[in-house]
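Engineer: need a 3D model of the sequence below.
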Amino acid sequence: MVKHISYKDAYLDFWKRSIDFSGRSTRKEYWFPMIVNLVLFFILLYVGDLIDHALDINPKNKLSFSYFIDKILGFVLSIGILAVTVRRFQDLNMPGIFAIAPGAVAMVLFVLGLIISQFGINTNFLMVTILPFIIIIIAIVFLVTLMRDGTHGSNDYGEDPLNR
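Structural biologist: Here you go, the predicted model:
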């Protein structure tokens, strides 16, 4: 019997398992919290800016609402997002290390560009045209991969969360 997960359960599961990097997460357990958290994060940033402006607080001040939301909530969310992304890849029977692949590739290409520039070679074309293009292609592949249906039945990372 196929198990159905409600949107509420998917969102609550994101927070309950925000530091759990083992097991599997379905598409709903991944995409719904990602979209909700993104929207809530920007709404909270906007509200924080409004409060800072109303109280005449500089948003760069470490005691401002905007700073707190951006840094603290951003950090907490990033750990949960990394955990659910790892579990999503594991649902596809892929190693969770793929969750950091786009960022790692971008960093390697950026550092490579910096190293090349030290030899007097103009890297403007590389940094402005090629690097963003490669990052966009990697991001598209990353997103399409995360949209795929998970492995039916058990895989190397556990039982099917949907009991298929």
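Engineer: which parts of the protein are helices?
Structural biologist: Ranges of helices in the chain, per DSSP state H, are 7-16, 27-54, 65-67, 74-91, 101-117, 124-125, 131-147.
Engineer: identify the residues contacting the closest residue to D156 other than its chain neighbours.
Structural biologist: Once flanking residues are discounted, D156 sits nearest to N93: 5.9 Å by C-beta to C-beta, 6 or more residues apart in numbering. For every residue, glycine as well, the C-beta is placed using N, CA and C. N93 makes contact with 151, 155-157, according to C-beta atoms under 8 Å, 6 or more residues apart in numbering.
Engineer: relative to T129, how far out is N93?
Structural biologist: Distance, N93 to T129, using C-beta to C-beta, to the nearest Å: 36 Å.
Engineer: how much space separates the residue nearest to D156 from S66?
Structural biologist: For N93, the distance to S66 equals 41 Å [C-beta to C-beta].
Engineer: now do F14
Structural biologist: For F14, the distance to S66 - C-beta to C-beta - is 24 Å.
Engineer: next one: D52
Structural biologist: According to C-beta to C-beta, D52 and S66 sit 5 Å apart.
Engineer: identify the contacts common to these two.
Structural biologist: Taking C-beta under 8 Å, 6+ apart as the contact rule, D52 and S66 both touch P59.
Engineer: hmm, G153 is touching L162, no?
Structural biologist: No - in terms of C-beta atoms under 8 Å, G153 does not count as a neighbour of L162; the distance is 9.9 Å.
Engineer: the two - which one has more neighbours?
Structural biologist: Neighbours were counted for G153 and for L162 using other C-beta atoms under 10 Å; L162 has more, 20 against 10.
Engineer: pLDDT at the more buried one, what is it?
Structural biologist: If you check L162, the pLDDT there is 86.
Engineer: for the chain, identify the residue most remote from the centre.
Structural biologist: No residue in the chain sits farther from the centre than G120, which is 35.8 Å out by C-alpha atoms, centre = their mean.
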